[in-house]
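# Got a predicted structure here, sequence first:
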Protein chains: 2
Amino acid sequence: MKKNVLIIGAGGVAQVVAHKCAQNNDVLGDIHIASRTLSKCEAILASVREKGAQKVEGRLEAHQVDAMDSAAVAALIGQTGAQIVINVGSAFVNMTVLDACIETGAAYIDTAIHEDPEKICETPPWYANYEWKKRDLCAEKGVTAILGAGFDPGVVNAYARLAIDGMDEVRSIDIVDINAGSHGRYFATNFDPEINFREFTGTVYSWQDGAWQENAMFEVPRDWDLPVVGTQRAYLCGHDEVHSLAANYPQADVRFWMGFGAHYINVFTVLKNLGLLSEKPVVTAEGQEVVPLKVVKAVLPDPASLAPDYTGKTCIGDLVRGVKDGQEVEVFVYNVADHKDAYLEVGSQGISYTAGVPPVAAAMLIAQGDWDAGTMRNVEELDPKPFLAILDRIGLPTRIRDAAGDRAWNA
Amino acid sequence: MKKNVLIIGAGGVAQVVAHKCAQNNDVLGDIHIASRTLSKCEAILASVREKGAQKVEGRLEAHQVDAMDSAAVAALIGQTGAQIVINVGSAFVNMTVLDACIETGAAYIDTAIHEDPEKICETPPWYANYEWKKRDLCAEKGVTAILGAGFDPGVVNAYARLAIDGMDEVRSIDIVDINAGSHGRYFATNFDPEINFREFTGTVYSWQDGAWQENAMFEVPRDWDLPVVGTQRAYLCGHDEVHSLAANYPQADVRFWMGFGAHYINVFTVLKNLGLLSEKPVVTAEGQEVVPLKVVKAVLPDPASLAPDYTGKTCIGDLVRGVKDGQEVEVFVYNVADHKDAYLEVGSQGISYTAGVPPVAAAMLIAQGDWDAGTMRNVEELDPKPFLAILDRIGLPTRIRDAAGDRAWNA
């Protein structure tokens, strides 16, 4: 049993995490939030107070910390008495925050794979480049570390496990992520443009026929007929969960598909081909050294600013195919979330909401003991049922569509 | 009779001007070239020497000058003994260079309207905002100043005058500029991207029905059936020559049409809508102040670098409609130039070639006395015949297509 949460980060996802922790502070205890910019933490706590989000009386505190400084994070863990750290800062700080948890014994949760700011895209073997190198140390010290516990990666890993647990044999896992919402701007990314674009500028890796396959971005389209959002075109992409699912289910094909409209692809393609998505500096005629991607980020809307006008729904799920009692079976496990509902509840758009609610569910499971594994785990290595049960209750209900129809997963 | 030429500027057009001046130095005398960056002037003169371009022995000298400093330009005119200044520097230096000519008595030639770097686009009355304010002073001091003596503006103004001289009444002048060449890159502008994009980000002004009409860029397309390059789509644009032709022929509709492919329009539209063509600084997340347009310029190919691989042709001309002997008549006066021919002759692509050859023809006419007007003139205010005769001889032959067929203009 652990309690008291320290949230690292103060972006759109951190806002959702703070609200959801406050709503469940009877389980989680004190809520601390820390980032490089104290005022952003304070603004988030002000929004939590304004919504009256706290379930019971309890501490809500903002702190300044440089999350790249592991000792500073460890000191803050000690000072706050937090036993659970939810890291929703930039993907560049995973390893320093994880080290601070190993140092102090606090449980660690994150929502995305570690990235090196100098590299445009990680290459195989991904988790094994950074996080998994600390797996033995976590086990030795009894430190719980849950990797990739957002929606995707995260909930979709639990969906895969749930479906596979109901089969004798798994053949393929296709994760499909569709945002059918509309923000009404000419162009915007749903989270930090720098991270968003970096995700799509490298080689697309998928696990098929027992080996890594390489494709270019937007090379492989597929149309999906989905609940609520209808038929949507998605493209084969690389994504964190492909890496751990392929390691845990090497016998299955593992693919990730993300929906993109023609307009997004066009803008992305123009920017990429012109060199404006480069993280490498260029020099202007006036001699100024500038990173083009940072200028693109500066001219695009702040993703958080999209929330008030965002309408429509997301649909994210796993189509899992396998064999049960000698028959080929397939099941689609999914959630549908609504942008406007998310804004009304926590002041954020749906993409932040789906990413921010699951790590709070994971924290609750650590607090209750169910997921306090005492070692490092990806989500599919943990029992999915208590996780999905909490998500049903706190805003992200799970549904299933298979040969028997479309229904709540635990109906 | 004037001689000795000072070229201001050291870009792609200046390279053509230097080569052409050298090829005609029996008429023009000494050739001086000056810009902010001495090494660029020296590189141009090296290329002139390498091609053995000089017709007769003569001086070829490079100088450093800040063309925004009128006194420095005047001093350089005095020091070099230049009696003719060809200004092909940035459009921001017209007025300081013109002032230096008025100060010293040298003849002045330029190829584009003056621009204020702080304004994205000039508004009516254009030439009257800057250059024409000095017209009386030029007349009083007997200083020859020929404005807009490139191809467009420049040769197309002479084409209009030639056609109008053959009619009793002019009804309309449509200038059509098509570059049907291919540079083989994903995207590039044919001259300085900063100037190129600024030209198309403002309101499109045309002179129709005796008044200025306003449209948006790419709002008004028209397909043109042209010699050599075939049917081409062009769009109504604002352009320098519309301003002076409308003042000299207010009874005629005056329109400028530039050809753009769907790919150019798409890239331009994406960049413009994202705010990346703005000349106003933005601040990055790291606090760096950057002008987006300057970053776009930095990632695009240097226009001069396109020359070696550029293939295909340009077609630029005037469709003039009017009345002759009571009958409605129409004539298309035009030139077709070839990118590869330009590169082989002077090391530049065709767009620079068509812009750089005409001011040298104008300088030769000043040297010979034909165009040494002793006052300020736009090209259509001067006799077009000696100008077109020199252009025939030095690389830009004029052709005519009308009811009688397609032929050399002076056939």
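Thanks, I have the structure now. Numbering: from 1, shown residues only, chains lettered A, B, ... in the order given.

# which parts of chain A sit against chain B?
Proximity of chain A to chain B, by C-beta under 8 Å from any C-beta of the partner chain, involves residues A:186-187, A:266-267, A:270-271, A:273-276, A:278, A:282-286, A:288, A:290-292, A:294-300. Yep, even glycine has a C-beta here, placed from its N, CA and C like the rest.

# Kindly recompute the last result at 7 Å.
A:186-187, A:266-267, A:270, A:273-276, A:282-286, A:288, A:290, A:292, A:294-295, A:297-300 (C-beta under 7 Å from any C-beta of the partner chain).

# I'd like to know which of these are buried.
Listed as buried from those are A:187, A:266-267, A:270, A:274-276, A:282, A:284, A:288, A:290, A:292, A:294-295, A:297-300; burial here means 16 or more other C-beta atoms under 10 Å in any protein chain shown.

# Just the ones in strands from those, please.
Cross-referencing those against strands under DSSP state E gives A:Val282, A:Val290.

# quick one: which of the buried ones among the residues of chain A next to chain B sit in helices?
Taking DSSP state H as the definition of helices, these contribute A:Asn266, A:Val267, A:Val270, A:Leu274, A:Pro292, A:Lys294, A:Val295, A:Lys297, A:Ala298, A:Val299.

# which residues touch the third one?
What it means is A:Val270. By C-beta atoms under 7 Å, 6 or more residues apart in numbering or on different chains, the contact list for A:Val270 reads B:Asn266, B:Val267, B:Val270.

# for the fifth one, same thing?
Under the criterion of C-beta under 7 Å, 6+ apart, the contact list for A:Pro292 reads A:Gly275, A:Leu276, A:Leu277, A:Ser278, A:Val282, B:Val295, B:Val299.

# hang on, the earlier thing: next, format the contacts of A:Val270 as a markdown table and append pLDDT and distance to A:Glu131.
Formatted as a markdown table, the contacts of A:Val270 follow (pLDDT from 0 to 100; distance: C-beta to C-beta, whole Å):
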| residue | pLDDT | distance to A:Glu131 |
| --- | --- | --- |
| B:Asn266 | 96 | 41 |
| B:Val267 | 97 | 40 |
| B:Val270 | 97 | 37 |
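
# which of these lies closest to B:Phe197?
The shortest approach to B:Phe197 among the contacts of A:Val270 belongs to B:Val267, at 10.4 Å (C-beta to C-beta).

# Which pLDDT value does the model give the nearest residue to A:Gln208 once chain neighbours are set aside?
Leaving out its chain neighbours, the residue that sits closest to A:Gln208 by C-beta to C-beta, 6 or more residues apart in numbering or on different chains is A:Asp253, at 4.6 Å. At A:Asp253, the model reports a pLDDT of 98.

# Check A:Glu279 too.
So, for A:Glu279, pLDDT stands at 88.

# For the closest residue to A:Glu169 other than its chain neighbours, give its distance to chain B.
Of all residues not flanking A:Glu169 in the chain, A:Val323 sits nearest, at 4.2 Å (C-beta to C-beta, 6+ apart). As judged by C-beta to the nearest C-beta, to the nearest Å, A:Val323 and chain B stand 47 Å apart.

# tell me which element A:Val323 is part of?
Per DSSP states H and E: A:Val323 is located in strand A:313-324.

# Name every strand pairing with that strand and say which way it goes.
Paired neighbours of strand A:313-324 in the sheet (DSSP bridges): strand A:169-179 (antiparallel), strand A:327-338 (antiparallel).

# neighbouring contacts of the shortest one?
This points to strand A:169-179. Residues outside strand A:169-179 that contact it (C-beta under 7 Å, 6+ apart): A:152, A:156, A:160, A:164, A:190, A:224, A:226, A:229, A:232, A:234, A:241, A:245, A:249, A:251-259, A:314-323, A:351.

# Now the buried members of the residues you listed.
Neighbour counting over the contacts of strand A:169-179 (16+ other C-beta under 10 Å) leaves A:152, A:156, A:160, A:164, A:190, A:224, A:226, A:229, A:232, A:234, A:241, A:245, A:249, A:252-259, A:314-322, A:351 as the buried ones.

# Now, those that are in strands?
Checked against DSSP E, the buried ones among the contacts of strand A:169-179 include these in strands: A:224, A:226, A:232, A:234, A:253-259, A:314-322.

# Could I get the buried residue list for stretch A:85-94?
The neighbour-count check on stretch A:85-94 (16+ other C-beta under 10 Å) flags A:Val85, A:Ile86, A:Asn87, A:Val88, A:Gly89, A:Ser90, A:Ala91, A:Val93, A:Asn94 as buried.

# what about that stretch, start to end distance?
Start-to-end span of stretch A:85-94 (C-alpha to C-alpha, to the nearest Å) is 11 Å.

# So what touches stretch A:200-218?
A:120-121, A:124, A:235-238, A:242, A:246, A:250, A:253-255, A:265, A:268, A:272, A:277.

# List the residues that contact A:Asp152.
By C-beta under 7 Å, 6+ apart, the contact set of A:Asp152 is A:Ile175, A:Asp177, A:His239, A:Glu241, A:Ile316.

# For chain B, see how far away the residue lying closest to the third one once chain neighbours are set aside is.
Nearest residue to A:His239, sequence neighbours excluded (C-beta to C-beta, 6+ apart): A:Phe256, at 3.8 Å. In this structure, A:Phe256 and chain B are 26 Å apart, going by C-beta to the nearest C-beta.

# repeat for A:Glu42
Distance, A:Glu42 to chain B, by C-beta to the nearest C-beta: 19 Å.

# Give me the average confidence score over the helix or strand that residue falls within.
Using DSSP H and E, A:Glu42 sits in helix A:38-50. Averaged over helix A:38-50, pLDDT sits at 97.

# Tell me the buried residues in that helix?
A:Lys40, A:Cys41, A:Glu42, A:Ile44, A:Leu45, A:Ser47, A:Val48.

# For the fourth one, give me its contacts.
By that I understand A:Ile44. Going by C-beta under 7 Å, 6+ apart, A:Ile44 touches A:Ala10, A:Ala14, A:Gln15, A:Ala18, A:Ile33.

# tell me the SS of the last one?
Spelled out, it's A:Ile33. Classification of A:Ile33 using DSSP: H, G, I helix; E, B strand; the rest coil returns strand.

# Give the burial count for it, as a bare number.
By other C-beta atoms under 10 Å in any protein chain shown, the residues close to A:Ile33 number 29.

# my guess is it contacts A:Val65, does it?
No: under the criterion of C-beta atoms under 7 Å, A:Ile33 is not in contact with A:Val65, lying 9.9 Å apart.

# Please report phi then psi for the closest residue to A:Ala180 other than its chain neighbours.
Nearest residue to A:Ala180 in three dimensions, chain neighbours excluded: A:Val229, at 4.0 Å (C-beta to C-beta, 6+ apart). Note on A:Val229: backbone dihedrals following degrees, to the nearest 10 are phi -90, psi -10.

# And A:Val229, how far from B:Ile113?
A:Val229 sits 53 Å away from B:Ile113, going by C-beta to C-beta, to the nearest Å.

# and what of A:Ile109?
62 Å.

# can you tell me which residues contact the residue nearest to A:Phe191 when sequence neighbours are not counted?
Using C-beta to C-beta, 6+ apart and skipping the chain neighbours, the partner closest in space to A:Phe191 is A:Pro303 (5.2 Å). The contact partners of A:Pro303, taken as C-beta under 7 Å, 6+ apart, are A:Gly12, A:Ala188, A:Thr189, A:Asn190, A:Phe191, A:Asp192.

# Now, the residues you listed that are in helices?
Among those, DSSP H puts A:Gly12 in helices.

# Just give me the residue closest to the centre of chain A.
The residue lying closest to the centre of chain A (C-alpha atoms, centre = their mean) is A:Gly150, at 3.4 Å.
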